[in-house]
Structures are given as structure tokens and as C-alpha cells.
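A.B. asks: Would you be able to build a 3D model of this:
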Amino acid sequence: MSTPAPVHRQRGARPSTRRALWPALAALALAVGFGDLARGGTTLAPGLLVLGYVVLVPAAVVGATGRRPPTAPPNAAHVLPVRRPRGDGG
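C.D. replies: This next block holds a predicted model:
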């Protein structure tokens with residue numbers, strides 16, 4: 001009898017779970033912030049709304065694409081040569 005090969009699991013949450021985390025956090029922060037604002041809150045509500053709109057919503061938008069912005073190439077092989085204007089030879 002052969003034993004089954006062990007299953008290797010990745011550390012942390014699955015990518016689909018991680019992508020769903022930012023929108024959920026943004027929605028929670030905005031809901032609690034608006035809820036506190038409706039009750040007349042003047043300290044917690046503005047903080048949560050700013051956190052939601054300035055940090056969590058953009059993180060959710062960037063995280064939903066699952067991509068990172070491109071970085072510059074590490075070597076100079078991809079750099080375009082500098083064009084110099086043509087002189088009239090004289």
C-alpha cells in the first residue's frame with residue numbers, strides 16, 4: 001500500500017479571500033462611521049469615514065485587480081537612447 005503524498009498548503013488566506021477582505025473592511029468602516037454620524041457622533045464617525053474613504057476604499061480598488069504597479073527595469077537595456085537634434089553640419 002502506498003501512502004498519499006502530503007498536501008502542501010500556502011500560508012495565509014487564499015487570494016480570493018484576501019481580495020474580498022479590503023472591500024469588507026471598507027464597507028464595515030463606512031457603515032459604522034455613518035451609523036455613529038447618524039447618532040450625532042463627532043469623534044469616531046469622522047475618523048472612520050476618513051479611514052474608509054481615504055485608505056480602505058482605494059486599497060479595495062487596487063486589491064481587486066490583484067496586480068501591482070509595474071516597476072522600473074533593473075538594468076539599462078530597456079532604457080531608450082537619448083535622441084539628439086541633428087545639426088546642419090557646420
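A.B. asks: Can you check which helix is longest in the protein?
C.D. replies: In the chain, taking DSSP state H as the definition, the longest helix is helix 15-38.
A.B. asks: Moving C-terminal from that one, which element do we reach first?
C.D. replies: Note on helix 15-38: by DSSP states H and E, the next helix or strand toward the C-terminus is helix 44-50.
A.B. asks: burial of residue 56, as a residue count?
C.D. replies: Residue 56: 22 surrounding residues under other C-beta atoms under 10 Å. Quick note: C-beta positions are derived from backbone N, CA and C, even for glycine.
A.B. asks: Could you measure from residue 52 over to residue 62?
C.D. replies: Plainly put, residue 52 is 15 Å away from residue 62 if you go by C-beta to C-beta, to the nearest Å.
A.B. asks: try residue 83
C.D. replies: Residue 83 is 35 Å from residue 62, by C-beta to C-beta.
A.B. asks: what's the answer for residue 36, then?
C.D. replies: The value you get for residue 36 to residue 62, if C-beta to C-beta is used, is 27 Å.
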